[in-house]
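*Asks:* My questions are about this predicted structure, shown below with the sequence.
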Amino acid sequence: MHVTLPDGKQLELQHGATALDAAKAIGPRLAQDALAATANGELTDLMTPLPDEAAITLITKKKPEDAAPLFRHSLGHVLSQAVGEFYMAKGFPREAVKRGVGPFIENGFYQDFDLPAPLSEEDFPAIEGVMRDILGRNLDITRADVGKAAALEQFAYDPYKVELIAGLPDDEPITFYSQGDYVDLCRGPHFPRTGALPTAFRLMSTSSAYWRGDASRPTLQRVYGVAFATQKELDAYLERLEEAKRRDHRKLGREMELFVIDPLVGKGLPLWLPNGAILREELAAFLKEQQFQRRYQGVITPNIGNLELYKTSGHYQNYSDSNFSPITVDDEQYMLKPMNCPHHVRIYASKPRSYRDLPVRLAEFGTVYRYEQSGELNGLTRVRGFTQDDAHIFCRPDQLKKEFLDVLDLTVLVLATFGMTDVRFRVGTRDASGGKYVGSDENWEAAERQIIEAVGEVGLPFTVEPGDAAFYGPKLDFVIKDVIGREWQLGTIQVDYNLPERFDISYTGEDGADHRPIMIHRAPFGSLERFVGILIEHYGGDFPLWLAPRQVLIVPIADRHNDYARELEQELHAAGLRAEVDDSSNRMNAKVRSAELSKIPVMLIVGDQEQAGRQVSVRERTTEGTRERKAVGFDDLKTELLERYRARA
RNA sequence: GCUUGUGUAGCUCAGUGGUAGAGCACUCCCUUGGUAAGGGAGAGGUCGUCAGUUCAAUCCUGACCACAAGCUCCA
């Protein structure tokens, strides 16, 4: 076989040779330092046979981070081994610990266990201790091919492994990786020995995980760990987690009095406090202005609807699990509205439509209710009652592309307005097998094709995810990462040929005949709840002036300046700015501190000097830090603030 | 819904088998201070809920409720 090295040098090795063989052929020193390799661009380990034509690079202890997935995976095995030893030390037999899967993940690894007694996070220091001990033993990690029968015999005690092995093809060898007396079914790749693994790891949490992700199968206990090549990287990662905690919208939401979730009202049903309501209203006003310019028309629809409506739309049948149960009134059944679309369709159908009327763009901040599983609820980002910035565009086929592009343009504008750059565009299409979709194949294909075309035309990077479509049509979602890397879907655009058909809506064409309109569903924010939640974390509570619930705080230095301060407050308020006076008996330093902690963007400090010349001393929070200006004319400042407010800066 | 945790004053958290404490916030008094904490006093708690064990439970046990992390799910 043929191996090409990064410098272009060629090696001729025996068939089945490994990266270690290649390293040995180059030199004994390299063979000693090598930890992993890439073959034709893919990470591999030192013990797996190379392909017959391989361009390889060797990864040594100088740059272990290049092989992070490998050491994370190996540390997962070390965890698995350590947990086994931990339970044996408690007197359980070796076979008592059964294991699900244990892959590497973004910053670390996890391992699923079926344990004889639950593991708690208090056990982590002890288990980490065993792990470090295993690293200290410097066990060789070896790879072996075994036959299926032997594999089944080896893991006869472990039903999970048996199931995994049984699912593997009969004729291909099954690989095991071992270190010391620990053996696991594994495809690899791994580090060559436990002593080479980084010690910068930490066990983070446990959780339940369904065997094979299936809620009807047994629950396993999953242990998560993070691991990095160096302690410095681990520390930086932990610091990021701390930062995420500081920015957590649930914490800031309470501190800044934006919202509360009151169990007496109901879980997943947030109450917007005055400060939060301001945020929400500012966002709504921003979008309404845009929609007005783009010729949308506002509509308002009720929060419940007749069950027949949702049977016609298909929401009732297709999403029975996530609807609130119907309410019976006078022999009729009603349901809390899970979607605004059916209502908007009926508004479209409320009068005959001509091709001249199209497109019809109906917009509503519509509140919907969905029964989310209790474990899914999360602050504002996952709730049971929320308001979508919804709109439905009914258009002719020849208008579809232009309309879609306009919606895309609006969404890009929204994201840009908030400086959201780490956004992923995801095209959700049907998956071939699924039966939950309504409508004809040709409609689906046309819709999917047009979304992909339009997105391509705008030049946005996107991924296509089969199976991610709505039941009535494919969609384009905007997905943003929060501070700790969790992804949240924000806006969505969906092309729908099916609801118009289900509701049998039409327009009269130029030819005098009836034609079927196409619907676009769109929500640039997605939901106001989730968007505000993400926005709080995005800004860390430091909102720009236009969004800040408390914009200006006037700080009188002594009581004798209170009247002047109140006078300024009156004027700012009359001009439409959210201003307050801190007339408490605190010292001015304390007032400044308290305003800073409240993240109020503009502070006006007034004392004798300012009062004499109708001036203010300005202290502002900016992304670059504190900015101070002394002796600023109040009227100029007011004009400046108003301009910034109107410009949404 | 599942697993592991957590639940004590508005917030952040101590604490004990003999019915509770701090800091901040709040109220009042003193202080009138020039860009991140002036001083003092006071008020505030059914120790998540309901059962059980006990002479006695905030503490131990159980169930429930809520919350957190993750899993599953997300029109």
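*Replies:* That came in fine, so what should we check first?

*Asks:* burial count for the residue of chain A found nearest RNA strand B?
*Replies:* Taking C-beta to the nearest atom of the strand, RNA strand B has its nearest neighbour within chain A at residue A:375, 1.9 Å off. For the C-beta atoms, the positions are set from N, CA and C on the backbone; glycine is no exception. Counted with other C-beta atoms under 10 Å, residues neighbouring residue A:375 total 8.

*Asks:* so who does it touch?
*Replies:* Taking C-beta atoms under 8 Å, 6 or more residues apart in numbering, we find residue A:375 in contact with no residue.

*Asks:* So what does it look like in phi/psi?
*Replies:* The phi/psi pair for residue A:375 (degrees, to the nearest 10) reads phi -70, psi -10.

*Asks:* same deal with residue A:423?
*Replies:* Dihedral angles of residue A:423 (phi, psi; degrees, to the nearest 10) stand at phi -110, psi 140.

*Asks:* Give me the neighbour count for it.
*Replies:* 17.

*Asks:* if I pick it, what's in contact with it?
*Replies:* By C-beta under 8 Å, 6+ apart, the residues touching residue A:423 are A:415, A:478, A:479, A:480, A:490.

*Asks:* For burial, what's the neighbour tally of the closest residue to residue A:508 other than its chain neighbours?
*Replies:* Sequence neighbours aside, residue A:354 is the residue nearest to residue A:508 in space, at 5.2 Å (criterion: C-beta to C-beta, 6 or more residues apart in numbering). Residue A:354 has 10 neighbours, counted by other C-beta under 10 Å.

*Asks:* got it, and residue A:518?
*Replies:* 27.

*Asks:* so it makes contact with residue A:500?
*Replies:* Yes. Residue A:518 is within contact range of residue A:500, at 6.8 Å (criterion: C-beta atoms under 8 Å).

*Asks:* Common neighbours of these two, please.
*Replies:* residue A:394.

*Asks:* And the contacts of the helix or strand where residue A:132 lies?
*Replies:* Using DSSP states H and E, residue A:132 maps to helix A:124-137. Under the contact criterion C-beta under 8 Å, 6+ apart, helix A:124-137 has outside partners A:75, A:78-79, A:81-83, A:85-86, A:119, A:179-180, A:194-195, A:197, A:199, A:201-203, A:223.

*Asks:* And the contacts of the helix or strand just after it?
*Replies:* Scanning forward in sequence from helix A:124-137 by DSSP H and E, the next helix or strand is strand A:141-146. Residues outside strand A:141-146 that contact it (C-beta under 8 Å, 6+ apart): A:45, A:47-48, A:74, A:77, A:154, A:173-179, A:188, A:190-194.

*Asks:* likewise stretch A:347-363?
*Replies:* A:288, A:291, A:294-299, A:301, A:344, A:389-396, A:399, A:403, A:503, A:505-510, A:515, A:517.

*Asks:* Check those for burial and list the buried ones.
*Replies:* A:291, A:294, A:296, A:299, A:301, A:344, A:389-396, A:399, A:403, A:503, A:505-507, A:515, A:517 (16 or more other C-beta atoms under 10 Å).

*Asks:* what does the stretch 501-649 of chain A have sitting close to RNA strand B?
*Replies:* Proximity of the stretch 501-649 of chain A to RNA strand B is confined to A:521, A:556-560, A:584-590, A:592-594, A:596-597, A:603, A:605, A:607-610, A:617, A:619, A:626, A:628, A:630 under the rule C-beta under 7 Å from any atom of the strand.

*Asks:* mind listing which of the residues you listed are in strands?
*Replies:* A:521, A:556, A:603, A:605, A:617, A:619, A:626, A:628, A:630 (DSSP state E).

*Asks:* What subset of the residues you listed is buried?
*Replies:* Neighbour-count burial (16+ other C-beta under 10 Å) applied to those gives A:521, A:556, A:603, A:605, A:617, A:619.

*Asks:* Using the three-state scheme, assign residue A:265.
*Replies:* At residue A:265, secondary structure determined by DSSP: H, G, I helix; E, B strand; the rest coil is coil.

*Asks:* residues near it, how many?
*Replies:* 12.

*Asks:* hmm, back to that, could you report the distance from the residue of chain A closest to RNA strand B to residue A:222?
*Replies:* 14 Å (C-beta to C-beta, to the nearest Å).

*Asks:* do residue A:165 as well
*Replies:* 21 Å.

*Asks:* List the contacts of the spatially most central residue of chain A.
*Replies:* Centroid check for chain A by C-alpha atoms, centre = their mean gives residue A:487 as the closest residue, at 1.1 Å. For residue A:487, the contacting residues are A:424, A:479, A:480, A:481, by C-beta under 8 Å, 6+ apart.

*Asks:* Grab the longest helix from chain A for me.
*Replies:* Once chain A is assigned using DSSP state H, the helix that runs over the most residues is helix A:68-89.

*Asks:* Let me know whether that one sits next to RNA strand B.
*Replies:* No. With C-beta under 7 Å from any atom of the strand as the criterion, RNA strand B is not reached by helix A:68-89; the gap is at least 13.7 Å.

*Asks:* so what strands line up beside whichever helix or strand comes after that helix?
*Replies:* Scanning forward in sequence from helix A:68-89 by DSSP H and E, the next helix or strand is strand A:98-99. Sheet pairing of strand A:98-99 (DSSP bridges) gives strand A:108-114 (antiparallel).

*Asks:* Just the residues contacting the partner strand, thanks.
*Replies:* Under C-beta under 8 Å, 6+ apart, the answer for strand A:108-114 is A:72-73, A:75-76, A:79-80, A:83, A:97-103, A:119, A:160, A:201, A:204, A:209, A:211, A:218, A:220-227.

*Asks:* thinking again about what came up before, from the contacts of helix A:124-137, list just the buried residues.
*Replies:* So, by 16+ other C-beta under 10 Å, the buried ones in the contacts of helix A:124-137 are A:75, A:78-79, A:81-83, A:85-86, A:119, A:179, A:194, A:197, A:201, A:203, A:223.

*Asks:* quick one, what contacts the nearest residue to residue A:19 once chain neighbours are set aside?
*Replies:* Closest residue to residue A:19 apart from its sequence neighbours, by C-beta to C-beta, 6+ apart: residue A:37 at 3.6 Å. Contacts for residue A:37 (C-beta under 8 Å, 6+ apart) come out as A:19, A:22, A:23, A:43, A:44, A:45, A:46, A:56, A:57, A:58, A:59.

*Asks:* Quick one: mark the members of those residues that sit in strands.
*Replies:* Assigned to strands by DSSP E, the following of the contacts of residue A:37 qualify: A:43, A:44, A:56, A:57, A:58, A:59.

*Asks:* Check the residues you listed against residue A:448 and report the nearest one.
*Replies:* residue A:43 (33.8 Å; C-beta to C-beta).
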